[in-house]
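**Q** need coordinates for the below:
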Amino acid sequence: MRALLRKTAQLLYRIWFYFLVALPIALFFPILIILSISERTYPQFFWLARNIWANMILYGMGCIPRITWEERLVKGKSYMLVANHTSMLDIMLMLRVSKNPFVFVGKKELVKIPIFGFFYKRVCIMVDREDSRSRMGVYRRAQKRLDKGLSICIFPEGGVPEEHILLDSFKDGAFKMAIAHNIPIVPMTFYDAKKRFSFTFFSGNPGPLRVRVHSFYKTSNLKESQKAELRDAVRAVLYHSLESDLCIKENL
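**A** The predicted structure is shown next:
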């Protein structure tokens with residue numbers, strides 16, 4: 001009986017998440033349509049996504065962000081934001097971390113998600129990793145956004161790893177792009193998103209969502225040939241951060 005009650009609660013929790021995702025979009029649909037028509041109005045679209053959509057979901061789910069900063073973002077400066085990827089909450093959490101408007105770079109398959117996918121294809125940079133022309137096009141579209149003072153966000157694992165994997169290997173894209181566009185990399189560790197709302201259907205519960213924003217990596221003096229070294233250094237920071245947190249939990 002206890003297991004049945006737990007599964008029922010987790011099912012309702014998941015249904016509640018999708019309701020919270022859809023509700024702000026439905027309420028502000030005409031405004032979102034107008035703001036997503038042009039890149040000039042993207043900062044206003046971002047403000048709504050960050051301050052209304054993300055807040056309603058995170059706080060409505062009882063998942064309160066707790067952000068620790070080793071270095072602060074500077075208003076008006078462009079960055080490459082990277083973090084480990086374990087949950088659909090990662091999108092909302094990233095929005096809460098950065099006040100600086102940024103654009104997600106993500107796989108085109110997300111367009112298929114009802115409602116969310118409609119706006120995703122209008123405001124994000126989509127990439128087909130199987131198509132070399134699509135990958136090259138990402139750099140041009142990213143440069144246009146950077147020229148407007150925006151930042152870029154990429155989850156460098158290239159997808160959500162299986163539950164037992166602490167941190168998957170990183171793709172080169174984020175690091176190659178950061179070097180090409182001469183923007184600092186901002187590594188972030190998301191500790192709790194997998195526990196709060198993983199991709200396992202009967203799972204999840206309210207609680208804090210801890211984030212550590214690590215010291216930035218400058219790319220101004222780096223060459224493209226150094227992208228692998230940069231990639232591995234950033235991954236090591238995130239891996240050790242996750243591993244240390246796991247050891248602390250196991251010793252409690």
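**Q** low-confidence ranges, the chain, go.
**A** Along the chain, the model assigns pLDDT under 70 to residues 109-111, 113-116, 128-136, 250-252.
**Q** please, where are all the strands along it?
**A** Using DSSP state E, the strands found in the chain span residues 65-69, 80-83, 102-107, 125-127, 151-154, 185-190, 209-213.
**Q** which ones are touching Lys75?
**A** By CB atoms under 8 Å, 6 or more residues apart in numbering, the contact set of Lys75 is 99-100. (C-beta placed from N, C-alpha, C; glycine too.)
**Q** which of the strands of the chain sits closest to Leu35?
**A** strand 102-107 (13.8 Å; CB to CB).
**Q** which other helices and strands contact that closest one?
**A** helix 89-97, helix 116-123, strand 125-127, helix 132-147, strand 151-154 (3 or more CB pairs under 8 Å, 6 or more residues apart in numbering; DSSP states H and E).
**Q** could you identify which of the strands of the chain is most buried?
**A** strand 80-83 (a mean of 26; mean count of other CB atoms under 10 Å).
**Q** what strands line up against that one, and which way round?
**A** Using DSSP bridges, the strands paired with strand 80-83 are strand 151-154 (parallel), strand 185-190 (parallel).
**Q** what angle do the longest one and strand 65-69 make?
**A** Computed with axes from the mean of the first three to the mean of the last three CA atoms, to 10 degrees, the direction of strand 185-190 lies at 140 degrees from that of strand 65-69.
**Q** in TSV: the strands paired with strand 80-83, plus distance to Ile64.
**A** What follows is these, written out as TSV (distance: least, CB to CB, whole Å):
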stretch	distance to Ile64
strand 151-154	21
strand 185-190	14
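**Q** please name whichever of the ones you listed is nearest to Ser215.
**A** Nearest of those (CB to CB): strand 185-190, 8.0 Å.
**Q** now do the helices in the stretch 151-252 of the chain.
**A** 173-181, 193-197, 227-251 (DSSP state H, counting those that start in this stretch).
**Q** go through these and name the closest to Asn100.
**A** helix 173-181 (15.1 Å).
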